[in-house]
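Visitor: give me a 3D structure for the following:
(chains A and B)
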Amino acid sequence: MTDEALLIEQLKNVQTKEKAYVELISLYKERLYWHIRKIVISHSDADDVLQNTFIKVFKNIDKFNQKSKLFSWIYRIATNESITFINKRAKQRNLDVSDYQLELASTLANDDFFTGNEIQLILQKAIATLPKKQRLVFNMKYFDELKYEEMSEILNTSVGALKSSYFHAVKKIENYIKMKTN
Amino acid sequence: MPNNIKNSEEFLNSISRKKNGFSVPKNYFNTIEEVIHAKLAEERSKNKSGFDLPNTYFKEFEESLLAKVLSPSLANKAKVISFKERILKIIPITVAASVLIFIGLNSFVFDKNAELTLDTLSEDEIEYWLNSSDLYLNDISIVLAENILEENDFYFSTIGDETIEEYIFSIDNSYLLNELN
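Guide: Next up is the predicted model:
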């Protein structure tokens, strides 16, 4: 039995659930946090979404049918939670999601938990201009270095479509940065 | 396309070194586990009553209730509001509105300059006023001060002696005699 299969079994067993859950958080907290953070941008929002993600995992672990990897399943929950969160915030502010995303990126310069240099700030602003799917794909491929097959499982999209999204995203970002730095 | 994208990726790497610029508070990842456990404990304590119910209870409850309430014949029928019901609802509002309009017209529309004299008042109105008002001596003295009565005012010059005599004979004076006794 693989480590993941053992962990799933322990998570589904009432006797071992709590202990396995501690291990699960320890294993995935950082990767999930950075994935969420790149979508919701601010640290406090990422913190909220991360907590909600783990709560959801704990509550729904019995429904996990093991058709995908545990990591992909949790990643998908985190992605959905982040997108739902962003949509809700945009609605509260009466803004279109893409406008809200741009607004978030423009506040980064004054964010205590953004320590990037000028070019990294421009990079984040460039990412914020991308459509939702391209933004997700770019972050997962470029920063998280996930394989297309893993991304396909998480986003429920074909590898071909993902490659195309990534290509367009990279090109747009390159052009944006060149335009801003020249 | 692959070479093309490689060049673009290399360009991005050269300027950003794959750093996104985000940072976290100190010790965040050391404390987050405790925070999540606390939140989970809080979530679980929300249902500490010990009561439980079947997973599909609310779904089935809704279906069975709708089946009882909406028979097939009623399910597609639009709700009809009877005309009588609507009229009965409107009557009190109409009455109230009429009273308000009447008072309003009396107060603001009718000719305020029309002179009010004693002759224009009906006996009922005077009687009602007398019954509903408390008259004080001061009130009377004010009126008297303004309209000084003269002796001639009591001079019934138009009444003849015969008429007076007739009146005296016609009244029943027995109660006066009783009072004297």
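Visitor: which bits of chain A sit near chain B?
Guide: Proximity of chain A to chain B (CB under 8 Å from any CB of the partner chain) is limited to residues A:21-22, A:25-26, A:29-30, A:33-34, A:37-38, A:43, A:47, A:50-51, A:54-55, A:58-59, A:108, A:113-117, A:119-121, A:123-124, A:142-143, A:166-167, A:170-171, A:173-174, A:177, A:181. All C-beta spots, glycine's among them, are computed from the backbone N, C-alpha and C.
Visitor: what's the closest non-adjacent residue to residue A:127?
Guide: Leaving aside its sequence neighbours, residue A:127 sits nearest to residue A:135 (CB to CB, 6 or more residues apart in numbering or on different chains; 5.8 Å).
Visitor: report the buried members of the residues of chain A next to chain B.
Guide: A:21, A:25, A:29, A:33-34, A:37-38, A:43, A:47, A:50-51, A:54-55, A:58, A:108, A:113-114, A:116, A:119-121, A:123-124, A:142-143, A:166-167, A:170, A:173-174, A:177 (16 or more other CB atoms under 10 Å in any protein chain shown).
Visitor: those in helices, which ones?
Guide: A:21, A:25, A:29, A:33-34, A:37-38, A:43, A:47, A:50-51, A:54-55, A:58, A:119-121, A:123-124, A:166-167, A:170, A:173-174, A:177 (DSSP state H).
Visitor: pick out the residue of chain B closest to chain A.
Guide: Chain B approaches chain A most closely through residue B:21 (1.8 Å), counting by CB to the nearest CB.
Visitor: in chain B, which helix or strand is least confident?
Guide: Taking mean pLDDT, DSSP states H and E as the measure, the helix or strand of chain B with the lowest value is helix B:72-75, at a mean of 52.
Visitor: give the contact list for the residue nearest to the spatial centre of chain A.
Guide: When CA atoms, centre = their mean is applied to chain A, the residue found nearest the centroid is residue A:35 (3.3 Å). Neighbouring residues of residue A:35 by CB atoms under 8 Å, 6 or more residues apart in numbering or on different chains: A:75, A:78-79, A:82, A:139-140, A:144.
Visitor: can we see that at 10 Å?
Guide: Shown in contact with residue A:35 (CB atoms under 10 Å, 6 or more residues apart in numbering or on different chains): A:28, A:46, A:49-50, A:53, A:74-75, A:78-79, A:82, A:136, A:139-140, A:143-144, A:146, A:154.
Visitor: need the residues of chain B near chain A, please.
Guide: B:1-2, B:4-9, B:11-25, B:28-29, B:32-40, B:42-44 (CB under 10 Å from any CB of the partner chain).
Visitor: sorry, back to before: from what I can see the residue of chain B closest to chain A touches residue A:105, true?
Guide: No - at 11.0 Å, residue B:21 does not count as touching residue A:105 under the criterion of CB atoms under 10 Å.
Visitor: and for the two, which residues touch both?
Guide: A:121, A:123-124.
Visitor: out of the residues you listed, which is nearest to residue B:125?
Guide: residue A:124 (86.6 Å; CB to CB).
Visitor: name the helix or strand for the closest residue to the closest one other than its chain neighbours, please.
Guide: Excluding the flanking residues, the one nearest residue A:124 by CB to CB, 6+ apart is residue A:105, at 5.3 Å. Applying DSSP states H and E as the criterion places residue A:105 in helix A:97-106.
Visitor: give me the contact list for that helix.
Guide: Here helix A:97-106 has contacts from A:39-42, A:45, A:83, A:86-87, A:89-96, A:111, A:121-132, A:135, using CB under 10 Å, 6+ apart.
Visitor: now restrict the residues you listed to buried residues only.
Guide: Here, 16+ other CB under 10 Å leaves A:39-42, A:45, A:83, A:86, A:89-90, A:111, A:121-128, A:130, A:135 buried among the contacts of helix A:97-106.
Visitor: quick check: residue A:23 vs residue A:4, distance?
Guide: Distance of residue A:23 to residue A:4, computed by CB to CB, to the nearest Å: 11 Å.
Visitor: let me fix that: residue A:86
Guide: Taken as CB to CB, the span from residue A:86 to residue A:4 is 29 Å.
Visitor: residue B:128 now?
Guide: Distance from residue B:128 to residue A:4, by CB to CB: 97 Å.
Visitor: one step back: sitting in helices, which of the residues of chain B next to chain A do you find?
Guide: Using DSSP H, the subset of these located in helices is B:2, B:4-9, B:11-16, B:28-29, B:32-40, B:42-44.
Visitor: least confident secondary structure element in chain A?
Guide: Per mean pLDDT, DSSP H and E, helix A:3-12 ranks last in chain A, at a mean of 89.
Visitor: show me where chain B has helices.
Guide: Using DSSP H, helices in chain B cover B:2-16, B:28-45, B:57-69, B:72-75, B:83-104, B:123-132, B:137-146, B:161-170, B:174-180.
Visitor: lowest average pLDDT across these?
Guide: Lowest mean pLDDT of those: helix B:72-75, a mean of 52.
Visitor: which secondary structure elements does the helix or strand hosting residue A:80 contact?
Guide: Using DSSP H and E, residue A:80 sits in helix A:70-92. Secondary-structure packing of helix A:70-92 (3 or more CB pairs under 10 Å, 6 or more residues apart in numbering or on different chains; DSSP states H and E): helix A:3-12, helix A:17-40, helix A:43-60, helix A:97-106, helix A:132-138, helix A:148-155.
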